[in-house]
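Chemist: sequence plus predicted model, see below.
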Amino acid sequence: MSTLLTAKNISKTFANLHTVVKQTNISIEKGKIYVIEGKSGSGKSTLLSILGGMESPTSGKVMFKGRSLYDSEEDNQAKIRGNSFGFVFQSFHLIPELTVKENIELPLQFITDKSRVWDVNDLTKKLEIKKLLHQKPAYLSGGEQQRVAIARALITNPEIIFADEPTGNLDHKTTSIIVDLLSDLSKERQNALVIVTHERNLINVPHTKYKMVDGQLKVVPSHV
Ligand SMILES: Nc1ncnc2c1ncn2[C@@H]1O[C@H](COP(=O)(O)OP(=O)(O)OP(=O)(O)O)[C@@H](O)[C@H]1O
């Protein structure tokens, strides 16, 4: 067992004094899958942003491989994000002016260790989007755009992939294809995967399940 990231007693209170994440603890282990379910507004995205180095907590600590994520220089934080984290969002966040290949390869400019990266041809073959490499995102279906976003998140072979409602804009069938691809590919490279979703029973492979209830994270016993 190898712990990558630990959050200890993290809370987040916004300027309007609304406490959205309350005294939360979670550990992310190499190669494991975590699903955080919860109603809209329960604080899931805020928690994911804190774990992913994008939003500092009001109190508590986030440690990545023994180093504090938020006490380090902004530069180091960006380096950790670029080298070790990958992100998938509900609305894909692809750049319309760039081709599929250029979108996928964007994160490569932010990494210092290029020895671990996926080969773009190999990765896009696995995701069945290789024939789309020279297209612009606007010509792709929602499911295809999300495969491109997954390729962009995986290309650096990050140690942790954070996915915020990755299937929120997709139909039921496409959702299960996308979730299977995400979990199969992370398993292949032993990446940890943290998925936030409002959908119940999103995933059929072994995982640790949490439920976010009004800013508090509760473990849900899972038999999958
Ligand atoms: N920057 C901010 N300033 C003030 N309040 C915020 C800010 N960001 C989020 N919130 C509030 O925090 C609460 C939790 O938001 P969050 O997006 O984390 O929930 P969520 O569970 O991910 O919801 P959804 O599933 O709808 O995305 C909401 O009430 C939201 O309005």
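Modeler: Yes, it's here.

Chemist: how about the contacts made by the residue nearest the centre of the chain?
Modeler: Nearest to the geometric centre of the chain sits residue 162, at 1.2 Å (CA atoms, centre = their mean). Residue 162 makes contact with 48, 51, 52, 85, 86, 87, 88, 194, 196, according to CB atoms under 8 Å, 6 or more residues apart in numbering. Glycine gets a C-beta too; all of them are placed from N, C-alpha and C.

Chemist: how many other residues sit next to the last one?
Modeler: Around residue 196 there are 28 other residues, counting by other CB atoms under 10 Å.

Chemist: list the contacts of residue 34.
Modeler: Applying CB under 8 Å, 6+ apart, the residues contacting residue 34 are 26, 28, 192, 193, 194, 195, 207, 208, 209, 210.

Chemist: surely the residue nearest to the centre of the chain forms part of a strand?
Modeler: Yes: using DSSP: H, G, I helix; E, B strand; the rest coil, the assignment for residue 162 is a strand.

Chemist: next, count neighbours for the residue nearest to residue 159 when sequence neighbours are not counted.
Modeler: Nearest residue to residue 159 in three dimensions, chain neighbours excluded: residue 84, at 4.6 Å (CB to CB, 6 or more residues apart in numbering). By other CB under 10 Å, 20 other residues sit near residue 84.

Chemist: related to what we said a few turns ago, pLDDT at the residue nearest to the centre of the chain, what is it?
Modeler: Looking at residue 162, its pLDDT stands at 96.
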